[in-house]
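1. this is the structure alone, sequence omitted:
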């Protein structure tokens, strides 16, 4: 920021030259963000907001999967991986980004409860959270998957671990689900649409 001052009044017939002062604003402190509108550092709400780059990005609303103290977002779920986006040229600069959830948790970042890439128009920084699967569900890939209902023939624990019943049955993991390939002698494969008939 430059400040200039010119003395307009002549003193004894002499006009003073323009004097230029270099004025530097101090950096915003933790838990505050610089406002280009008010041109001051404004405090972030210490229970619902955070800021990563106080001098260049605004206060952000806390993601659903974290708690905030005005300066940082702390993950609620142990084992979830978050990073601060400090590249000002990137999509959504200055936010904490949920990269991955631990086994048994679905990564959510949209209003509809899905996981999309950060550059998707449906991405919502405030909706980021790791949502735990129920004990009667399983999750193969928390990065892209959703919690799947445990089908007959599997015993599920709400994580990526399952047990096959009977133990000699053959299942394969396909994208986000398990598919039954074959059963041991004395059992037969029944498709979901044949159940209850």
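-> Good, I have the coordinates. These numbers were taken from a predicted model, which means no experiment stands behind them.
2. when you work out contacts or count neighbours from here on, use the C-alpha atoms and nothing else.
-> Will do.
3. which non-adjacent residue is nearest residue 135?
-> residue 158 (4.1 Å; Cα to Cα, 6 or more residues apart in numbering).
4. one more: residue 57?
-> residue 94 (5.8 Å).
5. same deal with residue 119?
-> Ranked by Cα to Cα, 6+ apart and with sequence neighbours excluded, the top spatial neighbour of residue 119 is residue 91, at 6.3 Å.
6. so what's the residue count around the one you found?
-> 12 (other Cα atoms under 10 Å).
7. quick one: it from residue 110, how far?
-> Relative to residue 110, residue 91 is positioned 16 Å away (criterion: Cα to Cα, to the nearest Å).
8. in the protein, which spans are helices?
-> Under the criterion DSSP state H, helices are not mapped anywhere in the chain.
9. could you report the neighbour count for residue 48?
-> Close neighbours of residue 48, defined as other Cα under 10 Å, add up to 18.
10. what sits against the closest residue to it other than its chain neighbours?
-> Sequence neighbours aside, residue 62 is the residue nearest to residue 48 in space, at 5.3 Å (criterion: Cα to Cα, 6+ apart). Going by Cα atoms under 8 Å, 6 or more residues apart in numbering, residue 62 touches 48-50, 68, 73, 126.
11. who wins for neighbours among those?
-> By neighbour count, taken as other Cα under 10 Å, the most surrounded of the contacts of residue 62 turns out to be residue 50 (32 neighbours).
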